[in-house]
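Trainee: Below is the sequence, then the predicted model.
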Amino acid sequence: MTETSGPRPVRAYRGTQLNTKGWQQEAALRMLQNNLDPEVAEHPDDLVVYGGTGRAARSWGAYDAIVRELKQLEDDETLLVQSGKPVGVMRTNEWAPRVLIANSNLVGDWATWPEFRRLEAEGLMMYGQMTAGSWIYIGTQGILQGTFETFAAVARTLGRESLAGTITLTAGLGGMGGAQPLAVTMNDGVAICVDVDRSRIDRRIEHRYLDVLADDIDDVLTKAVAARDEGRGLSIGLHANAADVFPQLLEMQAPIDIVTDQTSAHDPLAYLPSGYSFDTWSTDRERDAEQFTADARASMAKHVEAMVGFQKAGAEVFDYGNSIRAEAVLGGFDDAFAFPGFVPAYIRPLFCEGKGPFRWAALSGDPADIAATDRAILELFPEDEHLRRWITLAGERVQFQGLPARICWLGAGERHRAGLKFNEMVASGELSAPVVIGRDHLDSGSVASPYRETEAMKDGSDAIADWPLLNALVNTASGASWVSLHHGGGVGIGRSIHAGQVTVADGTELAAQKLERVLSNDPEMGVIRHVDAGYDEAIDFAESHHVAVPMRRQ
Ligand code: NAD
């Protein structure tokens with residue numbers, strides 16, 4: 001790489017003026033910039049968007065080169081991005097994606113953190129996480145509805161209508177984990193959220209995701225119990241190490257009803273071991289990555305042992321998709337898988353209908369555009385009470401980070417209707433500029449991840465990664481604006497393969513044709529994947545929605 005540029009604040013272009021040769025290129029450019037907006041990214045100077053070291057580009061030089069290429073890219077060309085670096089521009093056609101992205105992929109036997117880190121240090125790769133390296137991260141809101149849905153499902157499991165009168169204990173207030181406090185209070189519960197990084201606690205309070213900070217462990221319990229007894233929702237930050245605090249709270253027999261965790265446990269260098277100072281974290285892990293990894297895993301073993309202790313004491317406990325159980329086993333705690341992952345526990349029935357985190361962003365930068373799309377969603381799906389509750393709460397309580405955006409879980413048979421409606425609204429001028437429509441890689445048919453999305457599949461097919469590969473291919477063949485294929489997101493290197501797509505609604509007839517295909521085929525992959533695994537809900541759904549599955553099991 002020839003460029004030697006460095007960090008600087010990045011903010012997405014806004015308005016209707018093109019800086020590129022077409023809206024698809026413009027959308028990719030604005031969403032890349034948006035991922036690095038200091039309001040959006042957790043550590044923008046390092047190009048880190050969220051999820052440990054999930055990056056948007058490999059280096060600042062690579063970032064500049066991607067921007068330059070996107071500005072020159074024609075409507076029948078495709079830019080190739082390999083682990084955050086632009087490596088080629090190909091003549092394709094106008095139905096082809098404008099950008100194809102592959103991040104962090106390694107051949108099976110080499111798919112380990114040490115090998116990945118060696119290649120990263122050589123400047124040959126970057127960690128793309130899920131929506132960091134695929135340019136469709138929209139801030140903490142991106143996970144908020146999923147977290148809200150998950151906690152609503154937890155309440156139902158406990159035989160309750162809401163979380164009112166319960167206390168949830170969790171850790172991690174980073175890019176994704178920061179959604180937990182608001183998701184719990186939106187369900188009327190009390191949340192205790194532990195983080196070693198005081199700046200993350202302050203950021204969540206500033207963004208209105210977290211309510212208050214406690215002085216210490218006694219103060220946190222006093223505040224939590226008082227709010228619980230009044231049936232009042234409240235989220236409380238505690239500045240401490242979870243590996244210390246979880247066992248202490250267990251020892252104190254704290255009245256905790258629900259326990260989970262969203263520290264960046266998938267990457268042992270992004271989990272601060274007990275006894276280490278936060279201030280010297282980055283130098284300590286660089287000095288001796290192996291020792292640091294061993295100490296982090298030993299701490300995770302203590303942390304998870306306490307979670308199992310809470311489970312034995314009667315609490316509802318689940319892994320929230322960060323591999324902490326697998327890391328705890330490596331740290332010496334054999335009983336870590338005593339509690340389930342959140343997908344088999346609460347989410348899989350939604351995946352059977354192709355439901356997952358659908359999202360869109362207004363390229364105008366105007367919040368009024370999102371307000372108009374919110375109204376459109378309510379008009380399109382008037383019978384869905386749960387969706388109405390979410391859209392209404394989100395409109396009231398979610399502060400935008402970067403370009404205004406919205407997320408809501410929609411499934412097969414629904415997403416293309418929303419996409420076509422938004423495209424019409426762009427064409428008619430009801431929206432002031434085009435909208436990009438994408439999703440998380442954490443979706444029903446786009447990921448193989450045996451500790452998370454595909455944990456405990458009915459037919460034992462947890463580790464089969466053909467599905468996300470087919471998903472990327474089908475989205476490429478259907479007209480998506482950019483398509484990405486990643487390894488290791490969410491749960492870490494060696495543990496997942498996943499794909500993403502983003503498609504632009506620019507108000508044209510061509511966009512309508514692409515949106516109809518992509519937003520039908522993409523969620524239908526989820527239905528097909530679950531039909532193939534033998535889920536009755538998916539089989540019924542495929543039948544009633546005419547999803548073609550050649551060898552459907554009877
Ligand atoms: P992040 O890196 O932005 O934040 C992690 C937070 O954990 C940081 O604030 C850090 O200070 C804190 N932390 C680290 N060690 C700690 C310790 N010992 N005690 C207390 N706090 C500690 O990551 P993120 O984007 O919030 O993601 C968190 C995890 O969730 C990742 O493993 C990610 O892959 C996973 N994830 C889950 C989902 C899901 O749907 N469940 C989705 C995306 C990501």
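Mentor: Sure thing, it's come through. The shown structure was predicted, so the numbers you read here are calculated from the model rather than taken from an experiment.
Trainee: so where do the helices sit in the stretch 351-500 of the chain?
Mentor: With DSSP state H, counting those that start in this stretch as the criterion, the stretch 351-500 of the chain has helices at 367-380, 385-397, 415-428, 466-478.
Trainee: Between these, which one is closest to Gly309.
Mentor: When the helices of the stretch 351-500 of the chain are compared by Cβ to Cβ, helix 385-397 sits nearest Gly309, at 33.6 Å. Where you see a C-beta, it was placed from the backbone N, CA and C, and this is true even at glycine.
Trainee: thinking again about what came up before, adding mean neighbour count, mean pLDDT and distance to Lys514, write the helices of the stretch 351-500 of the chain out as a markdown table.
Mentor: Shown next, in a markdown table, are the helices of the stretch 351-500 of the chain (neighbours: other Cβ atoms under 10 Å; pLDDT from 0 to 100; distance: least, Cβ to Cβ, whole Å):
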| stretch | mean neighbour count | mean pLDDT | distance to Lys514 |
| --- | --- | --- | --- |
| helix 367-380 | 17 | 98 | 18 |
| helix 385-397 | 15 | 89 | 25 |
| helix 415-428 | 20 | 98 | 9 |
| helix 466-478 | 21 | 98 | 7 |
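Trainee: want to throw these into JSON lines with distance to the ligand?
Mentor: Formatted as JSON lines, the helices of the stretch 351-500 of the chain follow (distance: least, Cβ to the nearest ligand atom, whole Å):
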{"stretch": "helix 367-380", "distance to the ligand": "22"}
{"stretch": "helix 385-397", "distance to the ligand": "16"}
{"stretch": "helix 415-428", "distance to the ligand": "19"}
{"stretch": "helix 466-478", "distance to the ligand": "16"}
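Trainee: Of all those, which one comes closest to Thr170?
Mentor: Comparison of those against Thr170 by Cβ to Cβ identifies helix 385-397 as nearest, at 19.0 Å.
Trainee: Name the nearest residue to Ser478, ignoring sequence neighbours.
Mentor: Counting by Cβ to Cβ, 6 or more residues apart in numbering, the nearest residue to Ser478 once its immediate chain neighbours are dropped is Arg517, at 4.1 Å.
Trainee: To which secondary structure element is the one you found assigned?
Mentor: Taking DSSP states H and E as the definition, one finds Arg517 inside helix 509-532.
Trainee: got it, and Ser235?
Mentor: Element membership of Ser235, judged by DSSP H and E, is strand 234-239.
Trainee: any idea which helix or strand comes after that strand?
Mentor: Following strand 234-239 in sequence, per DSSP H and E, is helix 242-251.
Trainee: what about that next one, near the ligand?
Mentor: Yes - interface with the ligand: helix 242-251 contributes Ala242, Ala243 (Cβ under 6 Å from any ligand atom).
Trainee: Next, the angle strand 234-239 makes with that helix.
Mentor: Interaxial angle, helix 242-251 versus strand 234-239 (axes from the mean of the first three to the mean of the last three Cα atoms, to 10 degrees): 120 degrees.
Trainee: which strands and helices sit next to helix 242-251?
Mentor: If you count contacts as 3 or more Cβ pairs under 8 Å, 6 or more residues apart in numbering; DSSP states H and E, helix 242-251 packs onto strand 167-171, strand 190-195, helix 217-229, helix 289-312.
Trainee: What residues of the helix holding Arg517 count as buried?
Mentor: 511-512, 514-532 (16 or more other Cβ atoms under 10 Å).
Trainee: Contacts for whatever helix or strand comes next after that helix, please.
Mentor: Following helix 509-532 in sequence order, the next helix or strand is helix 536-544 (DSSP H and E). Outside helix 536-544, the residues that touch it by Cβ atoms under 8 Å, 6 or more residues apart in numbering are 349, 352-354, 412, 527-531, 547, 549, 552-553.
Trainee: could you give me the average pLDDT of helix 536-544?
Mentor: Averaged over helix 536-544, pLDDT sits at 97.
Trainee: How far off centre is that helix?
Mentor: 27 Å (Cα atoms, centre = their mean, to the nearest Å).
Trainee: My understanding was that His303 contacts Glu327; is that so?
Mentor: No - in this structure His303 lies outside contact range of Glu327 using Cβ atoms under 8 Å: 9.3 Å.
Trainee: show me the contacts for the residue of the chain found nearest the ligand.
Mentor: Closest residue of the chain to the ligand, Cβ to the nearest ligand atom: Gly174 (1.7 Å). Contacts for Gly174 (Cβ under 8 Å, 6+ apart) come out as Glu42, Tyr50, Gly51, Asp195, Asp197, Arg200, Gln262, Thr263, Ser264.
Trainee: Could you pick out the buried ones from these?
Mentor: Judged by 16+ other Cβ under 10 Å, buried ones among those: Glu42, Tyr50, Gly51, Asp195, Asp197, Arg200, Gln262, Thr263, Ser264.
Trainee: What is the nearest of these to Glu383?
Mentor: Relative to Glu383, the closest of those is Gln262; by Cβ to Cβ it sits at 32.7 Å.
Trainee: I'd say the closest one and Gly175 touch.
Mentor: No - applying Cβ under 8 Å as the test, Gln262 and Gly175 come out as separate, 9.8 Å apart.
Trainee: any idea how far the residue lying closest to Arg117 once chain neighbours are set aside lies from Arg325?
Mentor: Spatially, and ignoring its direct neighbours in sequence, Arg117 is nearest to Ala289 (6.9 Å; Cβ to Cβ, 6+ apart). Distance of Ala289 to Arg325, given as Cβ to Cβ, to the nearest Å: 22 Å.
Trainee: Those two - which one has more neighbours?
Mentor: Using other Cβ atoms under 10 Å, the more surrounded residue of Ala289 and Arg325 is Arg325, with 24 against 15.
Trainee: so is that one in a helix, a strand, or just coil?
Mentor: Three-state call for Arg325 (DSSP: H, G, I helix; E, B strand; the rest coil): helix.
Trainee: Which residue comes closest to it once chain neighbours are left out?
Mentor: Ala336 (4.1 Å).
Trainee: same deal with Val184?
Mentor: Among residues not flanking Val184 along the chain, Ala191 sits closest, at 3.8 Å (Cβ to Cβ, 6+ apart).
Trainee: for the chain, what's the longest strand?
Mentor: In the chain, assigned by DSSP state E, the strand with the most residues is strand 497-505.
Trainee: That one pairs with which strands?
Mentor: Using DSSP bridges, the strands paired with strand 497-505 are strand 435-439 (antiparallel), strand 447-448 (antiparallel), strand 482-487 (antiparallel).
Trainee: Up against the ligand, what does the stretch 101-250 of the chain have?
Mentor: So the stretch 101-250 of the chain meets the ligand at 143, 146, 171-177, 194-197, 200, 241-243 (Cβ under 6 Å from any ligand atom).
Trainee: hang on, the earlier thing: output the contacts of helix 536-544 in JSON lines, with distance to the ligand and pLDDT appended to each entry.
Mentor: Listed next are the contacts of helix 536-544 as JSON lines, based on distance: Cβ to the nearest ligand atom, whole Å; pLDDT from 0 to 100:
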{"residue": "Pro349", "distance to the ligand": "16", "pLDDT": "93"}
{"residue": "Cys352", "distance to the ligand": "18", "pLDDT": "97"}
{"residue": "Glu353", "distance to the ligand": "18", "pLDDT": "97"}
{"residue": "Gly354", "distance to the ligand": "17", "pLDDT": "97"}
{"residue": "Ala412", "distance to the ligand": "20", "pLDDT": "98"}
{"residue": "Val527", "distance to the ligand": "20", "pLDDT": "98"}
{"residue": "Ile528", "distance to the ligand": "22", "pLDDT": "98"}
{"residue": "Arg529", "distance to the ligand": "18", "pLDDT": "98"}
{"residue": "His530", "distance to the ligand": "18", "pLDDT": "98"}
{"residue": "Val531", "distance to the ligand": "24", "pLDDT": "97"}
{"residue": "Val547", "distance to the ligand": "25", "pLDDT": "96"}
{"residue": "Val549", "distance to the ligand": "27", "pLDDT": "95"}
{"residue": "Arg552", "distance to the ligand": "29", "pLDDT": "78"}
{"residue": "Arg553", "distance to the ligand": "29", "pLDDT": "53"}
